[in-house]
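>>> I need the structure of the sequence given here:
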Amino acid sequence: MRALVLDGQWDPRPDYPVTPKEVESRKATIASNVWRHPTLQWHQVPDPVPAHDEVLIKLRACGVCGSDTHCYLTDKDGYIIFSGPTRLPVILGHEYTGEVVEVGKSVTTLEPGDLVAAEGMLNCNECDACRTGYPNQCRHLDMVGFSAPGAYADYITSKARHCWKINDLAEKLGDAQRACRIGALVEPTSCSYNGMFITSGGFKPGGHLVVHGAGPVGLGAVALGRSCGAATITVFNRSPRRREVALLMGADHAIDPREEDPTEAVMEITKGEGADMQVEAAGAAHATMPHIERCFAPAGKMVYLGRTGLKAPVQLDTLVSGANMIVGARGHDGYGIFPNIIRMLTNDRIMLEPMITATYTFDEALEAVERSTLNQDAKIMLEY
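Residues are numbered from 1 along each chain as shown. Got it, this is the predicted structure:
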């Protein structure tokens, strides 16, 4: 089958302490400290074969994620920007939907013809983290499209337990391909859901929500905040296109942080009350954190979703004085997140489709990734 494969050179930075486990597995815990001079090219690879507890999925749609872009882009020294666990070579792509075409002998929950969206955090279900309710912190975690084969390909296999049907959404829309296109947005939105409502414990309806960054994760936070009763939603982003999409998806204010001081804007919009929840989805905490800590409401929360290898200044006394909280969140597995978002979509409780601002065919996947480096679109979608 055809696949778009990311490769690179294993060349750890001189000051990065590579562990024996990383050397043995060839999986870098922090990719941006190990993988250098990436290449992204088409290859012919063997068709995947499902194990007894897996299904074979013919891909129908896949979003181009900022993390994919960060595997393609490099810093001044040639290291990829993505800071998560990565094993190369790997087929990119993890925000996908498709049609089940074959099931393993132990699979009873799915059958050929089902349309599914699939989780991409491949936890072992056996380690202490998994067994105590933290599947996204699995000790042996693999991630689709980074350390396990991804969805920029004709087919992919997935364990049945990671797949969730979107048949009802397709029936409601009367358009299976549109359902797959919208269903591919469940994955980035689920990352926002995990951070906002699982890891941080949520915010009260009527609270003020601020989102830094209007990429897909930030826009997912906007849609969830509107659905869940935020009194005001303020978004900061430099891109005019992304600010426009943020307003379409439910933001009350979409502001260029270069033109208005974020702290002053938030305090004015909230009439001095501050933000009850702030989502950092810009991957620029070194720039956003000084504003975030100055406009917390009492007991306000900051959810950090925008991964970057850069350090950020934090005034810890702010957390003490305001009883504030900073929470990091990774992934989207478990806790009913995928099925809850699918039900919200099916019952018109959340609107995600305006997020898609460009569509490419699978044959144009390389061009789509190159376009993503311009940071102009909200979500670029591949259709197969």
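
>>> and Leu6, that one's in a strand?
Yes - assessed with DSSP: H, G, I helix; E, B strand; the rest coil, Leu6 lies in a strand.

>>> I figured Glu111 was touching Val100, is that so?
Yes - counting by Cβ atoms under 8 Å, Val100 is a contact partner of Glu111 at 6.8 Å. C-beta here means a position set from N, CA and C on the backbone, and glycine is covered the same way.

>>> who's more crowded, these two?
Each of Glu111 and Val100 has its neighbours counted (other Cβ atoms under 10 Å); Val100 has more, 22 against 11.

>>> who does the helix or strand harbouring that one touch, helix- and strand-wise?
According to DSSP states H and E, Val100 maps onto strand 95-103. For strand 95-103, the packing partners by 3 or more Cβ pairs under 8 Å, 6 or more residues apart in numbering; DSSP states H and E come out as strand 54-64, strand 115-118, strand 155-159, helix 176-183, helix 186-193.

>>> let's go with 6 Å and repeat that
Strand 95-103 sits against strand 54-64, with contacts defined as 3 or more Cβ pairs under 6 Å, 6 or more residues apart in numbering; DSSP states H and E.

>>> neighbours around the spatially closest residue to Thr29 that is not a sequence neighbour, how many?
Sequence neighbours aside, Pro85 is the residue nearest to Thr29 in space, at 5.5 Å (criterion: Cβ to Cβ, 6 or more residues apart in numbering). Neighbours of Pro85 under the rule other Cβ under 10 Å: 17.

>>> pLDDT at Pro85, what is it?
With respect to pLDDT, Pro85 scores 92.

>>> Could you check how far it is from Gly336?
Counting by Cβ to Cβ, to the nearest Å, the separation of Pro85 from Gly336 is 25 Å.

>>> do Leu319 as well
30 Å.

>>> So for these two, which sits in the more crowded spot?
Between Leu319 and Gly336, counted using other Cβ under 10 Å, the more crowded position is Leu319 (16 against 11).

>>> got the angle for the strand holding Val100 vs strand 155-159?
80 degrees (axes from the mean of the first three to the mean of the last three Cα atoms, to 10 degrees).

>>> For strand 95-103, report the contacting residues that lie outside it.
Residues outside strand 95-103 that contact it (Cβ atoms under 6 Å, 6 or more residues apart in numbering): 50, 55-63, 65, 110, 112, 114-115, 117, 151, 180, 183-184, 187-188.

>>> Which pLDDT value belongs to the residue nearest to the spatial centre of the chain?
Of all residues in the chain, the one closest to the mean position by Cα atoms, centre = their mean is Pro188, 3.7 Å from it. Confidence at Pro188, expressed as pLDDT, is 95.

>>> State the distance from the closest residue to it other than its chain neighbours to Asp333.
Distances taken as Cβ to Cβ, 6+ apart place Pro216 nearest to Pro188, at 4.0 Å, with adjacent residues excluded. Distance, Pro216 to Asp333, by Cβ to Cβ: 18 Å.

>>> How about Cys191?
Here Cys191 is placed at a distance of 10 Å from Asp333 (Cβ to Cβ).

>>> related to what we said a few turns ago, sheet-wise, list the partners of the strand holding Val100 with their directions.
strand 54-64 (antiparallel), strand 115-118 (antiparallel) (DSSP bridges).

>>> In a markdown table: the ones you listed, plus mean pLDDT and distance to Asp252.
Shown next, in a markdown table, are the strands paired with strand 95-103 (pLDDT from 0 to 100; distance: least, Cβ to Cβ, whole Å):
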| stretch | mean pLDDT | distance to Asp252 |
| --- | --- | --- |
| strand 54-64 | 98 | 26 |
| strand 115-118 | 98 | 29 |
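
>>> Tell me which of those strands lies nearest to Tyr384.
Smallest distance to Tyr384 across the strands paired with strand 95-103 (Cβ to Cβ): 4.8 Å, for strand 54-64.
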